[in-house]
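1. sequence unavailable; structure follows:
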């Protein structure tokens, strides 16, 4: 908006996805200095605009800066993929508390000991489950062993899913099945989707 202002996008339980402008945030003495960055968790206040979807940010209180994500490019890439999936599957200012909760849990799990491919699969499965578009495992075209993993990914918290190690054949099978499902739901594969080993394409 200007050389000194910042547009910050938020995912909230109460308001869904919203965009705010932090006026003067780049000035040396700004109250927002050091409080706005990728994947920060915060409590914040804003004044709602009556003319657009861009609202005025008035106050930010940091809760978590998620510094571990900045130390690993692959984890940062996976967190960015989570954002893209959420943008693809939700509407602006449409609250879906379950999605906001999943996103927060998923970011927290990425700061610990995780298997990136499983963390990615877990997020895809749980997001589609919370949006009501995840089919039962037996309809996903999977072998018995992969069906059990599918059911586990859909039912357990992200912190548990993200540490699950898969055999290479299972990772390939899940990657293909989830890819087919997303193509059916969205018309194309989401940008930034990782390879079966969890690495960015």
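-> Good, I have the coordinates. On a predicted model such as this, the values are computed, not experimentally measured, just so you know.
2. quick check: residue 47 touching residue 59?
-> No: with contact defined as Cβ atoms under 8 Å, residue 47 does not reach residue 59; the gap is 10.3 Å. (C-beta placed from N, C-alpha, C; glycine too.)
3. can you show me the strands along this protein?
-> 6-12, 16-22, 41-47, 54-64 (DSSP state E).
4. in TSV: those, plus distance to residue 160, mean neighbour count and mean pLDDT.
-> Converted to TSV, these look like this (distance: least, Cβ to Cβ, whole Å; neighbours: other Cβ atoms under 10 Å; pLDDT from 0 to 100):
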stretch	distance to residue 160	mean neighbour count	mean pLDDT
strand 6-12	22	17	96
strand 16-22	27	21	97
strand 41-47	21	14	97
strand 54-64	20	15	96
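5. which one of those lies closest to residue 184?
-> strand 16-22 (23.7 Å; Cβ to Cβ).
6. break this protein down into its domains, please.
-> Using automatic domain parsing, the domains assigned to the chain come out as 6-64, 68-186.
7. any idea which of those domains scores lowest on pLDDT?
-> Mean pLDDT is lowest for domain 68-186 among the domains of the chain, at a mean of 91.
8. rewinding a little: distance to residue 94 added to the strands of the chain, as TSV?
-> Compiled in TSV, these are given as follows (distance: least, Cβ to Cβ, whole Å):
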stretch	distance to residue 94
strand 6-12	11
strand 16-22	5
strand 41-47	17
strand 54-64	15
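9. tabulate the domains of the chain (a markdown table), appending distance to residue 193.
-> Formatted as a markdown table, those follow (distance: least, Cβ to Cβ, whole Å):
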| stretch | distance to residue 193 |
| --- | --- |
| domain 6-64 | 19 |
| domain 68-186 | 7 |
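10. determine which stretch of the ones you listed is the most buried.
-> Ranked by mean neighbour count, the domains of the chain are led by domain 68-186 with a mean of 17 (mean count of other Cβ atoms under 10 Å).
11. can you give me the end-to-end span of that domain?
-> In terms of Cα to Cα, to the nearest Å, the two terminal residues of domain 68-186 are separated by 31 Å.
12. what of stretch 47-57?
-> OK, stretch 47-57 end separation, Cα to Cα: 7 Å.
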